[in-house]
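Asker: Below is the structure, and that's it, no one-letter string:
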């Protein structure tokens, strides 16, 4: 790892990049979507974009939030930002950023201390199943827990779950969709009685607070003005809702991803947010890193000769979606102004390895195969959020956090009164 001698000049930051990466980094303002797969230098491009924005005066480092999907990737991004001498930029996962905000704003928004987070939802799911007269073995418990997670990140309530699960061709293990909906509701009751939340609740509660409290939303938006999202292809509906609230209608966001490599579709992730980015941000710039994705190191005999067809429709759709609405000048690769990024080869996949579209998710969720991440010509409807706004439940309406922020405040007050009564005795 190189040790930075101090902050670099804006010109020095750009000189360290190849022409494609330089075009991404040299445009730090406004919305931007970049199609880039593994090995194309995407992390280098977006970290240098942040560094160039700071060096050129377009960014204040404390007002930049870079979001990725793993703590390891966030740590790597922080390390790379230190090399050009950029300090103060927040690089976090969605859950880490939301948890920090939840702990900070909970006392003023709800009252008292934030509830404890369950490290694993299995015991609560098992108790919910037991209340319904069901006994789940270890494999079924894992699969049902995964189905609960999918329903929450998809912004579903127990009432809307059955229809949505049928559309997605999901099959809960050992029960029908109606029974699974009852189990989800009972699971929320169990959590409420225990006074705990799960990891999906961290995002749901943060979304609920930001939607119900305009003053808190303004505080967050004043703190963070510029956003970068890596691996944007794996964003689910709940994460996108949180990101929209952070942005608050602004357009200072850069997203990077390859729609052909969505690997978390079985947990609710979809490349549609990446593909429709220019529809939501009409003035956004679109570009690509790498005219060709890297060749399989195993050699030409391990290639899948038609793998490039998986990437071409996504790139074509992204360009077509943005062409009608975009008002700015799109970024184009200097290598070619006509060739869309396409891989020359693709790593061979053994029969035992999981598919990128999550169809082998039976190890985690015994459901029927979900829809392929290849974009459909039909536009999917906007999901109904179970948590907002103003007077609607902060969490699932039939769950343990019934009543939203008001119920959470009542529970906090009740705990304080019980503590005071015990002290008087």
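Answerer: Alright, I've got the coordinates. Because the structure is predicted, anything quoted here is derived from the model rather than measured. Numbers count the residues shown, from 1 in each chain.
Asker: State the mean pLDDT of the helix or strand containing residue 143.
Answerer: Taking DSSP states H and E as the definition, residue 143 sits inside helix 138-153. Averaged over helix 138-153, pLDDT sits at 95.
Asker: From start to finish, how long is stretch 51-61 in a straight line?
Answerer: Chord length of stretch 51-61, first to last residue, is 9 Å (Cα to Cα, to the nearest Å).
Asker: Show me the strands in this structure, by range?
Answerer: With DSSP state E as the criterion, the chain has strands at 32-35, 64-68, 90-93, 116-117, 196-197, 226-229, 253-257, 285-288.
Asker: what packs against the helix holding residue 143?
Answerer: In terms of contacts (3 or more Cβ pairs under 8 Å, 6 or more residues apart in numbering; DSSP states H and E), helix 138-153 is packed against helix 122-131, helix 161-167, helix 177-194, helix 199-212, helix 237-247. C-betas here are computed from N, CA, C, even on glycine.
Asker: now that helix against helix 177-194, angle please.
Answerer: 80 degrees (axes from the mean of the first three to the mean of the last three Cα atoms, to 10 degrees).
Asker: which regions of the stretch 151-300 of the chain sit below the pLDDT cut-off?
Answerer: Residues of the stretch 151-300 of the chain meeting the criterion pLDDT under 70: 261-267, 290-300.
Asker: if we can go back for a sec, please identify the most buried of the strands of the chain.
Answerer: Greatest average neighbour count among the strands of the chain goes to strand 32-35 (a mean of 28), per mean count of other Cβ atoms under 10 Å.
Asker: What about the closest residue to residue 80 other than its chain neighbours, how many residues nearby?
Answerer: Leaving aside its chain neighbours, residue 80 sits nearest to residue 47 (4.3 Å; criterion: Cβ to Cβ, 6 or more residues apart in numbering). The tally of other residues near residue 47 (other Cβ atoms under 10 Å) stands at 27.
Asker: now do the one 4 residues further on
Answerer: Look at residue 51: counted by other Cβ under 10 Å, it has 29 neighbours.
Asker: how much space between the residue nearest to it when sequence neighbours are not counted and residue 91?
Answerer: Nearest non-adjacent residue to residue 51, counting by Cβ to Cβ, 6+ apart: residue 84, 4.2 Å away. Per Cβ to Cβ, to the nearest Å, residue 84 is found 14 Å from residue 91.
Asker: Same question for residue 223.
Answerer: Residue 223 sits at a distance of 15 Å from residue 91 (criterion: Cβ to Cβ).
Asker: distance of residue 126 from residue 251?
Answerer: Distance, residue 126 to residue 251, using Cβ to Cβ: 45 Å.
Asker: out of these two, which sits in the busier spot?
Answerer: Set residue 126 next to residue 251 and count neighbours by other Cβ under 10 Å: residue 126 wins out with 20 against 15.
Asker: Quick check, the more buried one in contact with residue 140.
Answerer: No: in this structure, residue 126 is not within contact of residue 140 by Cβ atoms under 8 Å, at 9.7 Å.
Asker: Which stretches in the stretch 201-350 of the chain count as helices?
Answerer: With helices called from DSSP state H, counting those that start in this stretch, the stretch 201-350 of the chain shows them at 214-223, 237-247, 272-275, 277-280, 308-325.
Asker: What residues sit buried inside the second one?
Answerer: The reference is to helix 237-247. Buried residues in helix 237-247, defined by neighbour count with 16 or more other Cβ atoms under 10 Å: 237-243, 245-247.
Asker: circling back to that earlier point, dump the strands of the chain into JSON lines; add distance to residue 205 as well.
Answerer: JSON lines is the format used below for the strands of the chain (distance: least, Cβ to Cβ, whole Å):
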{"stretch": "strand 32-35", "distance to residue 205": "29"}
{"stretch": "strand 64-68", "distance to residue 205": "18"}
{"stretch": "strand 90-93", "distance to residue 205": "16"}
{"stretch": "strand 116-117", "distance to residue 205": "10"}
{"stretch": "strand 196-197", "distance to residue 205": "7"}
{"stretch": "strand 226-229", "distance to residue 205": "20"}
{"stretch": "strand 253-257", "distance to residue 205": "23"}
{"stretch": "strand 285-288", "distance to residue 205": "34"}
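Asker: Residue 132 is nearest to which of those strands?
Answerer: For residue 132, the closest of the strands of the chain is strand 196-197, at 19.9 Å, according to Cβ to Cβ.
Asker: The closest one pairs with which strands, and in what direction?
Answerer: Each strand paired with strand 196-197, and its direction, by DSSP bridges: strand 116-117 (parallel).
Asker: How about residues contacting the partner strand?
Answerer: 99, 195-199, 201-202 (Cβ atoms under 8 Å, 6 or more residues apart in numbering).
Asker: Highest neighbour count among those residues?
Answerer: residue 201 (27 neighbours).
Asker: For residue 152, see how far away that residue is.
Answerer: To residue 152, residue 201 is 8 Å away according to Cβ to Cβ.
Asker: Taking the contacts of strand 116-117, tell me the two that lie furthest apart.
Answerer: For the contacts of strand 116-117, and using Cβ to Cβ, no pair is farther apart than 99 and 195, which are 17.1 Å apart.
Asker: Residue 177 contacts residue 164, correct?
Answerer: No: Residue 177 sits out of contact with residue 164 when judged by Cβ under 8 Å, with a separation of 9.1 Å.
Asker: that older thread, tell me which residues in the helix holding residue 143 are buried?
Answerer: In helix 138-153, counting by 16+ other Cβ under 10 Å, buried: 140-153.
Asker: Looking at those, which is nearest residue 130?
Answerer: residue 141 (11.1 Å).
Asker: mind listing what the closest one touches?
Answerer: Applying Cβ under 8 Å, 6+ apart, we find residue 141 in contact with 122, 125-126, 129.
Asker: Now the buried members of these.
Answerer: The buried subset of these - by 16+ other Cβ under 10 Å - is 125-126, 129.
Asker: of the residues you listed, closest to residue 279?
Answerer: residue 125 (37.5 Å).
Asker: Spatially, what comes nearest to residue 55 if we skip its sequence neighbours?
Answerer: Counting by Cβ to Cβ, 6+ apart, the residue nearest residue 55 is residue 10, at 4.1 Å.
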